[in-house]
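> The following block contains a protein sequence and its predicted model.
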Amino acid sequence: MKTIFLLISLSLGSLASAQAPKPMPKADVVEVPAIRDGLCVSNVFQSHMVLQRDKPLTIWGWATAGEEVTVSFAGQQASGKAGADRSWRVSLQAMPVNRTPQTMTISGRSDKVVLEDILIGDVWVLGGQSNMEFPIERVDDGELEIVSANFPQIRLLTLPQGKGFDSVASFERLHEWSDFFNTHFRKGDWEECSPKTVREFSAIGYVFGRRLHMATQVPIGLIDASIGGTTVETWTPEDVIRKVEGKETQDWLQEWANKIATYDAQADLKSRIERHNKNPKKKASGEPPPSDLRPGPIADRNRPGFCYASVIRPLTGLAVKGAVWHQGFNNCFNGTAGATMYYQVFGKMITAWRTAFDAPQMPFCILSLCTAGEPQTRENFLKPMFDAGSFIREAQYKTFLDFRASGDKHIGFASTFDLRKSWYHPQIKIPAGERAAKWALATQYGAFKPNEADEQWLPPVIKEAKTIDNTLQLTLSTPVTLKDDTEPEMTGFAICGEDRRFYPAQVKWHTEGQKTEKHILLLSSPFVTKPVHYRYAWARNPLANICTNRQVTLPAQRSDDWPMEETPAKELQRQDTERHLKEAEETLRTLQQPPAKAK
């Protein structure tokens, strides 16, 4: 019988490459195919991996049609027969946490596959786009995290981008080429966490897993399934999104169908050749003109359902603990319609992921859209409100509230807009990962006292808003305060009257006699005599500083439902100018008043 030690053979191959490096082509270089000849197992099962504790486990792979395959692990054996398509699948009973490395053996008629150094703990999936994908080596204080990353019981797996709708129930292990970064990235290997292996791993994901492991000592497996530049609809199964009844979603699907139907590969090639010939640098370098016919939008990674088919569907049936999601930037380019579509789709996506991992109540944490662009200030307060990013955050928060209202105790949420940077890849990732970990420790691990668990992570909710004279009174679910107590006042709210003209609000706590009620806020403005609506943190990079005593951020939200396009940016800029003039006039009136006579 031929025995395949995947750990040894791949390590020797890597060693040989290190001793005699050869330049790789600017393309994907595959070391292990998704499906090998003869007996093999899906590449999600490898040496150094973590298997999910306390859940039945499904192991799958391929062999000769009709071949009997036996999986042996941790004192259990399970057998299955390969079907006509060569696929086989077996189940193992649930097992408790085990920190001692164990060996799995997959035996066929004449071959055997041996996987070593397997731990049993919790497996978390990391989803989204580039701000989830963003590596720890590029974030603030990332180097400190890297040199401290000696956690042999944390295991890391970064998934490749896959093959779209042609993907199988496995993935390639390869050096994946990136045109954007002009380099290769190693994808598809389970690795023990160390300063060497963690460097290119998701910063948010690593910090999340590191905190869980530090608090629980449970082995943690982290699977980074994120892909930069992707949208919510590409991570949703095609058959699921087609059933969404919302007009905005159906219009978007029709737009994609039209793009696919009208694409002309020959015309695309002709256009690229013309651009090449007009580029003096390319002509001078002797680079030949393009000659390949591209597949076009049918293979676009943001085609609805594409990334789900590429990355999530191949994991169907894998037992995991939960998922953390951080995404939104690439859904910010279609205004109110795009944000409405996001809300229609996002909840369906979460449910579809839970179905894929065979866990209807799978823990799922939403990290809302991060900051980008010019910071909102007191001086420019209104113009930044014209930005689809706020509407995407609203869709994410409303999705969270919908699940909570349905009784779902395993949905999580944390804002990130207060981790402010102007770059659309804000490097303040460590606190974002810690916030997700705080949610998980409170809700999934029982790390805090039961009567204090929710306040560690649960965002404050505005339960009621009512107009009282010239103020808008908000009643919250919990007391709130300033994020930084050295700041002079609470900021972030804007209010308007029936004319829909927003102004920055003065925010004060409600007082009753000598008592200050910090769960009630009073919003007012000298320019709004009868406020009817509010918006909070309503900008891509908002000026907002309200949180709970546990530093849990008040989410971005609003009480109106007006489309973004009804108040263009130029109108908001004009309102800012008018506001400054009114404030100056008010200041002059105050200064011109005669001083009060002493009694």
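Everything's here; your move.

> what's the domain layout of the chain?
According to automatic domain parsing, the chain comprises the domains 119-261+297-458, 461-560, 562-592.

> Tell me which of those domains is the most buried.
By mean neighbour count, with neighbours taken as mean count of other Cβ atoms under 10 Å, domain 119-261+297-458 ranks first of the domains of the chain at a mean of 20. Bear in mind the C-beta positions are built from the backbone N, C-alpha and C, glycine included.

> need the domains of the chain in CSV with distance to residue 90 and mean pLDDT, can you?
Compiled in CSV, the domains of the chain are given as follows (distance: least, Cβ to Cβ, whole Å; pLDDT from 0 to 100):
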stretch, distance to residue 90, mean pLDDT
domain 119-261+297-458, 11, 96
domain 461-560, 44, 96
domain 562-592, 52, 75
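
> any idea how far the top strand by length along the chain is from the chain center?
Longest strand of the chain, by residue count under DSSP state E: strand 111-128. The chain centroid and the centroid of strand 111-128 are separated by 22 Å, computed with Cα atoms, centre = their mean, to the nearest Å.

> for stretch 458-474, same thing?
That offset, for stretch 458-474, works out to 30 Å (Cα atoms, centre = their mean).

> Now name the helix or strand holding residue 284.
Residue 284 is part of helix 280-285 when elements are defined by DSSP states H and E.

> helices or strands up against that helix?
helix 265-277 (3 or more Cβ pairs under 8 Å, 6 or more residues apart in numbering; DSSP states H and E).

> neighbouring contacts of the helix it packs on?
282-283, 287, 289-296 (Cβ atoms under 8 Å, 6 or more residues apart in numbering).

> quick one: least confident of the residues you listed?
Within these, residue 283 has the lowest pLDDT, namely 79.

> now that one, nearest residue through space, not along the chain?
residue 277 (7.0 Å; Cβ to Cβ, 6 or more residues apart in numbering).

> what about the helices in the stretch 1-150 of the chain?
Using DSSP state H, counting those that start in this stretch, the helices of the stretch 1-150 of the chain run over 6-19, 130-133, 142-147.

> can you count the residues close to the residue nearest to residue 283?
11 (other Cβ atoms under 10 Å).

> Distance of it relative to residue 411?
54 Å (Cβ to Cβ, to the nearest Å).

> go on, residue 285?
Taking Cβ to Cβ, one finds residue 285 at 53 Å from residue 411.

> How about residue 471?
33 Å.

> Which of the helices or strands spans the closest residue to residue 464 other than its chain neighbours?
Nearest non-adjacent residue to residue 464, counting by Cβ to Cβ, 6+ apart: residue 475, 4.3 Å away. Using DSSP H and E, residue 475 falls within strand 471-476.

> Need the distance between the two termini of stretch 465-480.
Stretch 465-480 has an end-to-end distance of 16 Å (criterion: Cα to Cα, to the nearest Å).

> neighbouring contacts of it?
The set of residues external to stretch 465-480 that reach it, using Cβ under 8 Å, 6+ apart, is 455, 460-464, 490, 495, 505, 510, 518-524, 528-534, 546-549, 554, 559.

> ok now that stretch, how far from the chain's centre?
Its chain's average C-alpha position is 32 Å from that of stretch 465-480, according to Cα atoms, centre = their mean.

> Check stretch 455-464 too.
21 Å.

> hmm, who's touching it?
By Cβ under 8 Å, 6+ apart, stretch 455-464 touches 401, 412-415, 435, 438-439, 441-443, 448, 473-478, 480, 548-550, 552-555, 557, 559.

> Now do the contacts for residue 503.
Contacts of residue 503 by Cβ under 8 Å, 6+ apart are 382, 494-496, 525, 527-528, 575, 579.

> And for residue 550, nearest residue in space, chain neighbours not counted?
Using Cβ to Cβ, 6+ apart, the closest residue to residue 550 is residue 455 (5.3 Å).

> Distance of the one you found relative to residue 478?
In terms of Cβ to Cβ, residue 455 sits 7 Å off from residue 478.
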